[in-house]
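> Please work out how this folds:
(chains A, B, C and D)
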Protein chains: 4
Amino acid sequence: MIRIGLLGCGRIGQVHAKTVRTLANACIVAVADAVPAAAESLAARIGAEVRSSNAILSASDIDAVIIGTPTTVHFGQIRAAAKGSKAIFCEKPVDMSVDNIRILIDEIGDTLFFTAFNRRFDPNFAALQARLREGQIGAVELIQITSRDPAPPPVSYIATSGGLFRDMMIHDFDMARFLMGEEFTMLYAVGSSLVDPAIGAAGDVDTAAVTLTTASGRICQITNSRRASYGYDQRIEVHGANGMLRAENILETSVELATAEGFRRAPTLNFFLERYGAAYAAEMRAFIEAVSSGTRPTPSIHDGLQAQILADAATVSCQTGQPIALVP
Amino acid sequence: MIRIGLLGCGRIGQVHAKTVRTLANACIVAVADAVPAAAESLAARIGAEVRSSNAILSASDIDAVIIGTPTTVHFGQIRAAAKGSKAIFCEKPVDMSVDNIRILIDEIGDTLFFTAFNRRFDPNFAALQARLREGQIGAVELIQITSRDPAPPPVSYIATSGGLFRDMMIHDFDMARFLMGEEFTMLYAVGSSLVDPAIGAAGDVDTAAVTLTTASGRICQITNSRRASYGYDQRIEVHGANGMLRAENILETSVELATAEGFRRAPTLNFFLERYGAAYAAEMRAFIEAVSSGTRPTPSIHDGLQAQILADAATVSCQTGQPIALVP
Amino acid sequence: MIRIGLLGCGRIGQVHAKTVRTLANACIVAVADAVPAAAESLAARIGAEVRSSNAILSASDIDAVIIGTPTTVHFGQIRAAAKGSKAIFCEKPVDMSVDNIRILIDEIGDTLFFTAFNRRFDPNFAALQARLREGQIGAVELIQITSRDPAPPPVSYIATSGGLFRDMMIHDFDMARFLMGEEFTMLYAVGSSLVDPAIGAAGDVDTAAVTLTTASGRICQITNSRRASYGYDQRIEVHGANGMLRAENILETSVELATAEGFRRAPTLNFFLERYGAAYAAEMRAFIEAVSSGTRPTPSIHDGLQAQILADAATVSCQTGQPIALVP
Amino acid sequence: MIRIGLLGCGRIGQVHAKTVRTLANACIVAVADAVPAAAESLAARIGAEVRSSNAILSASDIDAVIIGTPTTVHFGQIRAAAKGSKAIFCEKPVDMSVDNIRILIDEIGDTLFFTAFNRRFDPNFAALQARLREGQIGAVELIQITSRDPAPPPVSYIATSGGLFRDMMIHDFDMARFLMGEEFTMLYAVGSSLVDPAIGAAGDVDTAAVTLTTASGRICQITNSRRASYGYDQRIEVHGANGMLRAENILETSVELATAEGFRRAPTLNFFLERYGAAYAAEMRAFIEAVSSGTRPTPSIHDGLQAQILADAATVSCQTGQPIALVP
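Below you'll find the model as predicted:
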């Protein structure tokens, strides 16, 4: 039985707690949150104790921690968890500072670390990647990733988010690396504030496109927007030497209406917790499986670092208008 | 060069004339129509002579006739054409009377005869049937044919049409035979007047469903309606031992609109001359090819007879509420 | 808190137990099974007691029973549950004998009774029906239901199943009634043994088609097969005066592969517990909601009766080759 | 009646001749080709005279010329045609040199000039653009154009083609301008030789991606490849403030095969003359309509110039790795 301490009892912490409850070989022993009521409420629901974060990080009856706290406190919690010999499941981003992540990599050594890029575990994207690795379309030549949120978050959130490339497109950077199987060496980003001028006024963009290339000349294009009237738009298309693999959107229902206006299908699943519900559950199962078996999980902290490097480079490229060479 | 006489210069006659003009090895020498102005207009456009029907049917400079006249005059024209040793392309139905068709079969003997069930030549349905014959899904078990017109014809037309089963579903009966490859032995039909009470008042139905079975237990279901708000609905689905083959509708464009209401594609092609444009051209090419090479074309007059037998049986079944055993 | 007794700890009982665990206002107090080990195993997993069926049916600390036992014992358990003033959730079919169901209707009086036709609760079919009731396509004219299992059950199961119409198509009969909103007055069924001769030898069919009509002339066609190589095929298509509503299959993933052979999407979800997983959960929530609020749930025992009447009629029609008039 | 002289009797000249034959208000009077036999063969088929190019360009009995000759002779023929007061239909590219096109713009003045970017007339793309102009999705924010050939042309062709950006992507540059409705101000291109090293050795790329932005921050991404195993891949996706419009590929047939491997649809139409057959016919009708009515047609010579400017910039950007600012 893997004994888990949960740090952060917000929305994502609750999702992970729910998954752990369905597992036979793991249980949440203790939870912590800066808001005591949040910790108490969740603890009551799942039959866990409330403890302080520090108590959890140094507890002898806890094997692993799930870090679902604000990004700003990740750094200290990761350090303490590694010191306390806990396996670590950490929400993305590991840290807003690439330098900090490098420090953590040095410090945590062999500590089992899982960076929670949940989309790798979406059943559709995972199936696509598996088929890619099986060679169904041969060597990858071109990847197109489309990722659009239904609506922008509050501008107050935008202001502290690190910007679209670090907050939103970071998922797509990880997906691009996951699918390409070769590191990128050049990046060019453009971005605009077309959805809401207030986002531009806050110094961010809401519509963006990035081009990535590898040393061998493979290409990846990513587009992001904070707006999609038809729901959460999450698509991947990979072209290889022998064909194409693509994963289409997930619609709310399979019902189609035909009238004089034509054939109408439902919008896409609109809420990320629903769209990626299976992915959240699968990533937690993968983490617990890695802890149980003692194998190295992916995405690793190295994957967390690389995605952050790409997000930083995109931010700079978008601001300067210049392509950025990526040092491997 | 196959020299053709065209009987009937109405809408369908003009379609056939247009196809013949694109062929290198056939030409229309003469045209005839009960309305002189119709014949003259078409003749001028395609560079043909106007002659009387009788003159065409006995002409020595004509190898083949296209019969696109009203069904009531088919009988006499077919007899005369056979007597005049012309190859015959005849619009469906060959004749409203099964007895008359049997007489014609006796009389015309070896005359090359093509019953114009154009849908067999639709590129999609033809491809489906070819794959069936290749064995892509194994032995046929169940066929579903959906056929819906965008809107009912005038009630005045209904009154002289022979009824839905003989006028509209006859195409589907032929398609069912084409796909099944085994004659049907039992038929059950139901029908209602749901679209327009005037159609019911005229003694016909506008919504109908037929079940056909073969001696070996294979099943075919056909549904027809005189109404489809989303355009001309023409679909086929065939289930075999190893899988399914289906041909979907043809939409007006490939454009899809995504909004908060979901994903909207265009209605289906709405007009039968457009929907089956390629089929009309392909059937004429098949006829000319048969005449050129001296091979027996299908659909034959026998196919015309069998479809009419099914249409008659459906009419009786719908009226009596009883299944009808079909004598092979 | 609704206190539940579960009768039958087999596959479907376990599904229902799992759903109840996710509900805040219901719990399973006790379970029973003819196989003690099955009851003990499930009881241990969900924290319930093991009791005898009789003890559960007469218990004063139980408000409702879930009947997931073999059909043959439903009759006695329903009677006892009603006598014990329990709300009843009963798996379909209520009973193989229409006469028995009529007796139960008389006896149970106002007892809250839910017939578990789960497909009404499939999110897609439920959405389709809701849109129908909203009038999105106007008055219903024609319904087509396609229902195909991936592979036939063991012949030993077939022999005691009551036959395809009572065992498999009964779901579609209930769906037809659910969607049509008008009782059927005439039924015609055909069926064959095309999938496995052993099924025919056991006196059953494995491929079948039924035509149903209502007094006002509306039509429903249902096709069933015990075989579908591409997965579990579950589709509905409803034509109304103003358009069509259809629910398509659910594919395993949204991934599409494009190669020289064309575009290939995944097979359909293959296992009924997965395909209808959401439906099983939703029907249980609906039952508990009805018990909580004291409202009459649907599908009712009357719905269970009507579906059985249609299944019986189809069995007779298929055997005699004659249409069957249905007495309302 | 518009009297036309056709310069160039190759593949594309024959396509245009075929379209003109279907028009009631235009006819081809004379044809010319550097290969006399090509001119004679086409002339015989369509009932036109063979003349020299110069004779056609100065003829008093000719109102308009179709220039379907090699790009290298366009410059002289356009000048002569303008001098001879002929309306001009010119195949793309107008000229490989942007400077030359500017000279022509000065010289031809008010001469009616049509640049044959046929894809604007594809029924699907034209419908998409019309809906865009109707405001169905609001202001354009992001455009994605995917354009892939089934297989690369001979390397010998590549060597004289001007390179992928001028030879292939030029169609997409025109489409991007057609859809965006605002000129682009910045361009970044990447390209690789992944399909065939011989293409790289010839100094060209076979896989490429371009990012275009406008002064108001709108973005367009274009990807091209000389290879697509599943047929000719031609897709457009436009995101606006209120939704998305996209045009999907055209498949060879509407037939779908379902087996244990899933659902398989046909490859896309593979040959550009078939894929864009309707577009070729529609652009010629648009030209003749403009000549008849004396209105200014689009795409104009200005459109030809702008596309060439983008192609040149992309070629430079791809070679230098730098974004290129576009001077309006």
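
> So which residues on the stretch 201-328 of chain A come close to chain B?
In this structure, the stretch 201-328 of chain A approaches chain B at residues A:229-230, A:251, A:258-267, judged by CB under 8 Å from any CB of the partner chain. From N, CA and C alone the C-beta is placed, and that goes for glycine too.

> Contacting chain C as well, which ones from those residues?
The overlap between those and the neighbourhood of chain C (criterion: CB under 8 Å from any CB) consists of A:258-260, A:266.

> about what we covered before: using a markdown table, please lay out the residues of the stretch 201-328 of chain A next to chain B together with neighbour count, pLDDT and distance to residue D:281.
Converted to a markdown table, those look like this (neighbours: other CB atoms under 10 Å in any protein chain shown; pLDDT from 0 to 100; distance: CB to CB, whole Å):
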| residue | neighbour count | pLDDT | distance to residue D:281 |
| --- | --- | --- | --- |
| A:229 | 22 | 97 | 35 |
| A:230 | 26 | 97 | 34 |
| A:251 | 20 | 96 | 36 |
| A:258 | 25 | 97 | 29 |
| A:259 | 19 | 97 | 31 |
| A:260 | 13 | 96 | 28 |
| A:261 | 16 | 96 | 28 |
| A:262 | 21 | 97 | 25 |
| A:263 | 22 | 98 | 27 |
| A:264 | 23 | 98 | 31 |
| A:265 | 21 | 97 | 32 |
| A:266 | 20 | 97 | 37 |
| A:267 | 23 | 97 | 37 |
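
> quick one: which of those residues sit in strands?
Members of these lying in strands (criterion: DSSP state E): A:258-259, A:262-265.

> Let me have those residues in a markdown table, extended by distance to residue D:51.
Output for these, formatted as a markdown table (distance: CB to CB, whole Å):
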| residue | distance to residue D:51 |
| --- | --- |
| A:258 | 55 |
| A:259 | 55 |
| A:262 | 49 |
| A:263 | 52 |
| A:264 | 55 |
| A:265 | 56 |
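
> what two of the residues you listed are the furthest from one another?
Among these, the pair separated by the greatest distance (CB to CB) is A:259 and A:265, at 12.7 Å.

> Neighbours of residue A:84, how many?
Counted with other CB atoms under 10 Å in any protein chain shown, residues neighbouring residue A:84 total 18.

> Next one: it from residue A:301, what distance?
Between residue A:84 and residue A:301 the distance is 17 Å, computed by CB to CB, to the nearest Å.

> go on, residue A:135?
29 Å.

> So between those two, which is more surrounded?
Neighbours of residue A:135 and residue A:301, each counted by other CB under 10 Å, are more numerous for residue A:301; the result is 21 against 11.

> Please state the backbone phi and psi of the closest residue to that one other than its chain neighbours?
Nearest residue to residue A:301 in three dimensions, chain neighbours excluded: residue A:113, at 4.5 Å (CB to CB, 6 or more residues apart in numbering or on different chains). Backbone torsions of residue A:113, given as degrees, to the nearest 10, read phi -130, psi 130.

> one step back: name the nearest of the ones next to chain C among the residues of the stretch 201-328 of chain A next to chain B relative to chain D.
Compare each of these with chain D using CB to the nearest CB and the shortest gap goes to residue A:266, at 14.2 Å.

> Check the gap between the closest residue to that closest one other than its chain neighbours and residue C:137 for me.
Excluding the flanking residues, the one nearest residue A:266 by CB to CB, 6+ apart is residue A:252, at 4.1 Å. As defined by CB to CB, residue A:252 lies at a distance of 19 Å from residue C:137.

> just residue A:218 next, same as before
Taken as CB to CB, the span from residue A:218 to residue C:137 is 48 Å.

> swap in residue A:20?
Noted for residue A:20: a distance of 45 Å to residue C:137, by CB to CB.

> Ok, residue A:200 next?
Distance, residue A:200 to residue C:137, using CB to CB: 44 Å.

> do the same with residue A:308
Following CB to CB, the distance that separates residue A:308 from residue C:137 is 51 Å.

> Of these two, which one has the most company?
For residue A:308 and residue C:137, the more surrounded residue by other CB under 10 Å is residue A:308, and the numbers stand at 26 against 22.

> Buried ones in stretch A:103-110, by neighbour count?
Of the residues in stretch A:103-110, those with enough neighbours to count as buried (16 or more other CB atoms under 10 Å in any protein chain shown) are A:104-105, A:108.

> and those residues as a markdown table, adding pLDDT and distance to residue D:9?
A markdown table is the format used below for the buried residues of stretch A:103-110 (pLDDT from 0 to 100; distance: CB to CB, whole Å):
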| residue | pLDDT | distance to residue D:9 |
| --- | --- | --- |
| A:104 | 98 | 71 |
| A:105 | 98 | 68 |
| A:108 | 96 | 74 |
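
> Mind checking which of those residues land in helices?
A:104-105, A:108 (DSSP state H).

> Of the residues you listed, which is the nearest to residue D:162?
Nearest to residue D:162 out of these is residue A:105 (CB to CB; 48.6 Å).

> which residue packs closest to the closest one, ignoring adjacent ones?
Counting by CB to CB, 6+ apart, residue A:105 lies nearest to residue A:301, which is 5.7 Å off, once chain neighbours are set aside.

> That neighbour and chain D, how far apart?
For residue A:301, the distance to chain D equals 30 Å [CB to the nearest CB, to the nearest Å].

> cool, residue A:69 as well?
According to CB to the nearest CB, residue A:69 and chain D sit 34 Å apart.

> quick one, what contacts the residue lying closest to that residue once chain neighbours are set aside?
Excluding its sequence neighbours, the residue lying closest to residue A:69 (CB to CB, 6+ apart) is residue A:8, at 3.9 Å. By CB atoms under 8 Å, 6 or more residues apart in numbering or on different chains, the residues touching residue A:8 are A:32-33, A:66-70, A:91.

> Sort out which of those residues are buried, if you could.
Here, 16+ other CB under 10 Å leaves A:32-33, A:66-69, A:91 buried among the contacts of residue A:8.

> Mind picking the one among those that's closest to chain B?
When the buried ones among the contacts of residue A:8 are compared against chain B (criterion: CB to the nearest CB), the nearest one is residue A:91, at 30.5 Å.

> Can you name the helix or strand that residue A:235 falls in?
strand A:233-240 (DSSP states H and E).

> before we move on, what about residue A:157?
Using DSSP H and E, residue A:157 falls within helix A:155-160.

> before we move on, back to that, mind putting the contacts of residue A:8 in a markdown table, distance to residue B:147 included?
Shown next, in a markdown table, are the contacts of residue A:8 (distance: CB to CB, whole Å):
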| residue | distance to residue B:147 |
| --- | --- |
| A:32 | 66 |
| A:33 | 63 |
| A:66 | 58 |
| A:67 | 61 |
| A:68 | 57 |
| A:69 | 62 |
| A:70 | 62 |
| A:91 | 56 |
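
> Correct me if wrong, but residue A:115 is in a helix.
No. For residue A:115, which was evaluated using DSSP: H, G, I helix; E, B strand; the rest coil, the result is strand, with no helix membership.
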